[in-house]
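Just need the structure, nothing else, for what follows:
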Amino acid sequence: MTKIKNFLSNLTLKREIQQQMQEPIIKKQMQTFVEYLCNLCLENAETYHNYDDTDLFNATEVFMHFLMDKIYSENQKLPQEEMEKLATTVGKSVRELIKAATGKDMHEVVKKMFIGNELTK
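Model (predicted):
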């Protein structure tokens, strides 16, 4: 039961962060932070980092946030049902890409993180 409460608590926190990110100052800070991370990755492109599943999840989460925001802004005139289908299709495609490239199923990674013992300790 504690694991489920922690999972729901993390989802609530995530939603609160997403709402706050819509504010112009936070949005600008996030853009600056992501730009910094991208430059850091490019500067160290030849270095092996041995990223773990948590790193994969975090990178995917940031990417999906920006991707979904872009999809929404480019397709605002679509009916809600069509927007949901588009978002689902894109999400499945990203999941399949990650699975093909890494052998990791993001659903299993998330289960391990939130219901397993990595983030619930």
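
Centre of the chain to the strand or helix carrying residue 62, how far?
Per DSSP states H and E, residue 62 falls inside helix 53-74. In terms of CA atoms, centre = their mean, to the nearest Å, the centre of helix 53-74 is found 4 Å from the chain centre.

Name the residues of the helix or strand following it that are buried.
Using DSSP H and E, the helix or strand that directly follows helix 53-74 along the chain is helix 80-102. Using 16 or more other CB atoms under 10 Å as the burial criterion, the residues of helix 80-102 that qualify are 83, 86-87, 95, 98. From N, CA and C alone the C-beta is placed, and that goes for glycine too.

swap in stretch 42-57?
53, 57.

Now do the end-to-end distance for it.
Taking CA to CA, to the nearest Å, the first and last residues of stretch 42-57 lie 20 Å apart.

Residues contacting that stretch, please?
Applying CB atoms under 8 Å, 6 or more residues apart in numbering, the contact partners of stretch 42-57 are 59, 98, 102, 104, 106, 109-110, 112-113, 118-119.

What subset of these is buried?
Taking 16+ other CB under 10 Å as the criterion, what is buried in the contacts of stretch 42-57 is 98, 106, 109-110, 113, 119.

Same list (these) but as a markdown table, adding pLDDT.
Listed next are the buried ones among the contacts of stretch 42-57 as a markdown table, based on pLDDT from 0 to 100:
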| residue | pLDDT |
| --- | --- |
| 98 | 95 |
| 106 | 92 |
| 109 | 90 |
| 110 | 88 |
| 113 | 84 |
| 119 | 49 |
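
Many thanks, I have nothing further to ask.
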